[in-house]
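Engineer: Provide a 3D model corresponding to the input given below.
(chains A and B)
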Amino acid sequence: MAKRKRASQQEKTDSAQPPQTGLLPQKKHYRQRAHANPFSDHSLDYPSSPQTIDWSTHYPLFAGTGKRPEFADVGCGFGGLLIALAPLFPDTLMLGMEIRVQVSQYVQDRIAALRVTASTPDDSTGNSTTSSAYYQNVSIVRANAMKFLPNYFTKHSLSSLFFLFPDPHFKSRKHKARIISPTLLAEYAYVLRPGGIIYTITDVKDLHEWMKIHLTGFALFEPVDEATLRSEGKGPIVDAVYTSTEEGRKVERNGGDKWLACFRRIEVPRQ
Amino acid sequence: MSVYPHSHLFVGPSETVVISGPHIQVLSTTTGDILHSTVNFEDEKRGAVIESGPVRCAAVDKSNKYLITTAEDKMLKLWEIGGLKLLSERELPKKPTGLAFRADSQKLLTSDKFGDIFSYPFTYVPLTVKQKRDALSSHENPSSGQLILGHASPLNAFLLTSDEKYIVTADRDEHIRVSWYPQGYNIEMYCLGHLKFVSAIHIPHLDPSMLISGGGDPVLKIWDWMAGDLKHEVNVLDTIDPYMAVRALKRKRGEGEEGEEGEGKKRKKGKGKDKAKEETPDTGTPVAEGSEAAAEEKTEEAAKGEPSEPEKILVIHKIDSLDAEGCLWIVFSAVGTTALFTFPFKAGVTSSDIRAFDFGLPVIDFSITGDGEIWVNLDAQWKSTDLATSEASTKAVRVMHFVSQELKEVSEKALVSALNTKSLLQATPEELKKLDLYGDLTSMPKYSDSEAAEATPEVAAGGEKAKSKKELGRLKNKTKVLAKMAVSAATGDARAGEDELEEPETKRTKSEHGDEAEVKKNEDVVMAES
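Structural biologist: Residues are numbered from 1 along each chain as shown, chains lettered A, B, ... in the order given. Now for the predicted structure:
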C-alpha cells in the first residue's frame, strides 16, 4: 500500500522536473569510483569559517537578501534531491555537499544548465514566468562534511539535513568512517536548529539499524515518524527523499527495500 | 656519553616529577634529592617501563599527588607520586595526544589521534570479560572509558575551563571546538579562522573569557571563546623566525600519503619510522641520530629526483600565562626553537611587544609554577657531538622569572642543579633517536594543493587520453549552455549566471591533478589506524 503511494509520488516529482533539453551534462563524462576516504587530507578548498563564504556566488539571484542555506544534503551524489526540492521550496537556499570531484562537478554543471534552461521563456514547457527563479536556490560544494561541516554552516542555521543512501562501509573496521556516529552527531546537532529534521534513508538494513540506534541514543535527537512529518507538511520532502535520488531510483529498479528514519533536533538542559 | 633530555617537568611544593625518555624520577623540591626513580625499580618493573618506550604525554593533578603518563604503547598509567607507585594501567583505544586530570582528580581525560576525548574514572575496574566490539559500536573502547566528544581529525590540544563547565578541543584541521562538559555532545561554539593546524590553546586564569590559540599560522589568535569571535591577532612568526633552529623536511609524496599501488601498503607500516628519519638537524651537522638516516634520505631523494631542503616550520608548542609585577604575561614556545617568547596581555598588543629569551638550545617544554617561575627544559644534546660547549650552555633545565619586565635567570637552587646533574640519565644514540623530539614539525603540516599538483605530473600525463574524451563531452555541453545563455542575454533575459559558468572551469583545472592523486591517496588512511 505504502509502496504504491510512493510510486505515484515519484511520477509527480518526475514530471516536476524539466524535460531533458540536451543542455544537461551527461553522467558518463563524470564517472568516478563510488567511495572516498573521509579521513584523508584531500586537496580540498574549504572556507576557514562560515563568515568567509560569499553565498551570492552560489545563489546570485538571492544576493543582498542575507539568506543562507537552510537545507544541506550531505553526500548529495548526482544531486537528485536538490533538483527535486528546488522548485518545491523556491525561497529556501539549499546546498549539496559531495566529496567526489567528478560527481560534484557534474552537479555543478547540471545546476548551471538547469538555471539556463528553466529561465528561458521559449522552454518547451512554456511556463516562463513561474520558472524564472527555478534552481537559483540550489548549489553544490565539493566538501568533506565529516571534517568541515562547521566551516560552512553557523550554529543552528539549518532546518533540514539529509543523509540519503550514504556509503554503508560494510566492514566493521570501516564503521568509523560512517557518516552517522555519536561524535559526528554532535556537529549535526550544532548546525541544525532546534526543531530541525535529520532525514536518513538507506537500502542497507544493517546501516539503517546503525543510524537509528545512534540517532535515537543521542541526547539531542528524538525519532519522528513519517506520518508526523507528513502532518507537518513535510510530505513533499519525504517523497523526494524516497524517490528523487539517483541511488534511490537504482534501488527501485533493482526491487530493493528502502529504510527511512527521521529525527528531530531537541534541546536538553545542563546537568 | 649522551643523556636523555627532560621531556616533562612538574615542580610541586614538596615533590618534583621529572620525566626523561621512558623514566620517571621524583625529586625533593627543596633539596633536589632523588626520592624515587623508575631506574631503581627491580628488574621486572624496570623492564616494563623501558618496554613502554619514551613517555609522550604526562599530567599531574592539582594536589600534586598523582601522575598520569602514556608512552608508546597506548597504556594509560596512573602513578602515586609519593613512593612512585603504579596504581593502575589501562589500555587506550588510540594513540593519545594529551592527558589531563579533572580538578578533583577523580576523572582522567585523554585526547587521541583519532580525534576523541575519553574520560576514565580514577579507580580502574578491569573488565572481567574482554569487551568485544559489537556490530553497533562506533568506537573501540578497551577500558570502557566515557566518550565525551570526537572530531574527525587528530586532536592536538584540549583544556577544561576553570569552572569545568566547558571543554575546548583543537584539531589538525584548524578547528577549535567549545563543548559542554561533561555533556560533550552539546557543542556551544566553534572558534574558526585558523588556516593551519591548531596545536596550542590557553585560557588565562585572570581573563577566563579569552582563549589564545596558535599552531602553524604566523599569528596567535585571541578569541571570545563563548561567542566564537576573533578579538585580536598577534604576529609571532617574525619574532620566532631567527630562533627556529631545528628544521624539517616536508613529508614527501609517497610517504604514506599516496605511493604506487602495492608499495603504498608496505610504506604504511613503516610510516612512523620514516617520519623520524625525515628529520635532519640544522646546517648539515647531524646530531647523534643524524648521519646514517640523512644518507639514506639522500639516496631516496635522488631516486625520486626531487631534492628537498630542510625548512623552517612553525609549530606552536605551548601557550601559558603568568601574573608578575602587576601584569598578565603570555608565555609561549615553538617546536625546535631556541627561545621562549613573552608578551604582556593587553588590548591592541602587537608583535613589537613580544620579547624573546634565547637559550641557545631548542626549548623542549616549559612549565610555570605558582610563584611565577618559568622552568624551561632544553635539548642539551643538540649539536653537542661536535661542538666544544661551555658548561652554561648545556644545561638541561633553566629557571626564569620576571624582573623589571624582563626575563632573568633565577639564582641557582638545589633542585635545578640536581636536574642538571644527578637526575640526567644516560641514553644511547639509538634511544635518543627514538625520542623523535621534533616529530611535530613533519607530522602536523598538511599538503597544499599546489604541491600535490606539482608532485604528480606523471599521473596527469598518463591519464590525459582517457580524460580528454570525458573533457570533450563535458565541453560540448558547456558550450551549448553558454550559447543558450548568450541567446537569453540577447533577448534581454540575462541574469546573473555567468560566474556560474566561469567557476567550474577554474575548479576543474585543479581537480585534474587532485583527482587522480586522490584515488591513490584513498588507499591510505592518514589518521592513526592502530
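
Engineer: show me where the stretch 51-200 of chain A dips below the pLDDT cut-off.
Structural biologist: A:119-133 (pLDDT under 70).

Engineer: now for residue B:164: which residues touch it?
Structural biologist: B:102, B:103, B:181 (C-beta atoms under 8 Å, 6 or more residues apart in numbering or on different chains). All C-beta atoms are positioned from the backbone trio N, CA, C, and that covers glycine.

Engineer: beta partners for the closest residue in space to the last one that isn't next to it in sequence?
Structural biologist: The one in question is residue B:181. Leaving aside its chain neighbours, residue B:181 sits nearest to residue B:167 (4.2 Å; criterion: C-beta to C-beta, 6 or more residues apart in numbering or on different chains). Counting by DSSP bridges, residue B:167 is bridged to residue B:160, residue B:179.

Engineer: show me the helices in chain A, by range?
Structural biologist: Along chain A, counting by DSSP state H, helices occupy A:2-16, A:80-85, A:101-119, A:145-152, A:182-191, A:205-217, A:226-231, A:235-243, A:246-253.

Engineer: of all the ones you listed, which lies closest to residue B:67?
Structural biologist: Residue B:67 lies closest to helix A:182-191 among these, at 28.5 Å (C-beta to C-beta).

Engineer: that closest one packs against which elements?
Structural biologist: Contacts defined by 3 or more C-beta pairs under 8 Å, 6 or more residues apart in numbering or on different chains; DSSP states H and E place helix A:182-191 against helix A:145-152, strand A:158-164, helix A:205-217, strand B:146-150, strand B:187-190.

Engineer: could you list the low-pLDDT ranges of the stretch 201-350 of chain B?
Structural biologist: B:251-308.

Engineer: repeat that for 80
Structural biologist: B:249-309 (pLDDT under 80).

Engineer: so which residues of it form strands?
Structural biologist: Using DSSP state E, counting those that start in this stretch, the strands found in the stretch 201-350 of chain B span residues B:210-215, B:219-224, B:229-235, B:316-324, B:327-334, B:339-344.

Engineer: hmm, the second one in reach of chain A?
Structural biologist: Same thing as strand B:219-224. No. Strand B:219-224 does not reach chain A (C-beta under 8 Å from any C-beta of the partner chain); its nearest approach is 11.2 Å.

Engineer: which ones are touching the residue nearest to residue B:181?
Structural biologist: Counted by C-beta under 8 Å, 6+ apart, residue B:167 has contacts B:109, B:117, B:148-149, B:158-161, B:178-181, B:184.

Engineer: which one of the strands of the stretch 201-350 of chain B is the most hemmed in?
Structural biologist: Highest mean neighbour count among the strands of the stretch 201-350 of chain B (mean count of other C-beta atoms under 10 Å in any protein chain shown): strand B:210-215, with a mean of 25.

Engineer: relative to strand B:316-324, how tilted is that one?
Structural biologist: If you take axes from the mean of the first three to the mean of the last three C-alpha atoms, to 10 degrees, strand B:210-215 sits at 150 degrees to strand B:316-324.

Engineer: OK, contacts around residue B:373?
Structural biologist: Applying C-beta under 8 Å, 6+ apart to residue B:373 gives the contacts B:11, B:399, B:400, B:401, B:410.

Engineer: just the ones of these in strands?
Structural biologist: Of those, the ones assigned to strands by DSSP state E are B:11, B:399, B:400, B:401.

Engineer: close to chain B, is the top strand by length along chain A?
Structural biologist: Ordering each strand of chain A by length in residues (DSSP E) puts strand A:192-202 first. No. Applying C-beta under 8 Å from any C-beta, one finds strand A:192-202 out of contact with chain B, separated by at least 11.1 Å.

Engineer: packing partners of that strand?
Structural biologist: Packing partners of strand A:192-202 (3+ C-beta pairs under 8 Å, 6+ apart): strand A:158-164, helix A:205-217, helix A:235-243, strand A:259-265.

Engineer: and it, C-alpha only, in PDB?
Structural biologist: Provided in PDB are the C-alpha atoms of strand A:192-202 (Å, rounded to 0.1, in the frame of the first residue of the first chain):
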ATOM      1  CA  LEU A 192      20.700  22.100  13.000                       C
ATOM      2  CA  ARG A 193      18.300  24.500  14.700                       C
ATOM      3  CA  PRO A 194      16.100  23.100  17.500                       C
ATOM      4  CA  GLY A 195      13.100  21.600  15.700                       C
ATOM      5  CA  GLY A 196      15.100  20.900  12.600                       C
ATOM      6  CA  ILE A 197      14.900  17.500  11.000                       C
ATOM      7  CA  ILE A 198      17.500  14.900  10.000                       C
ATOM      8  CA  TYR A 199      16.400  12.700   7.200                       C
ATOM      9  CA  THR A 200      18.200   9.400   6.600                       C
ATOM     10  CA  ILE A 201      17.400   6.700   4.100                       C
ATOM     11  CA  THR A 202      19.300   3.600   3.000                       C
END
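
Engineer: can you tell me what sits against that strand?
Structural biologist: Under the criterion C-beta under 8 Å, 6+ apart, residues A:156-166, A:168, A:180, A:188, A:208, A:211, A:215, A:221, A:224, A:229, A:234, A:237-238, A:241-242, A:248, A:258-267 lie in contact with strand A:192-202.
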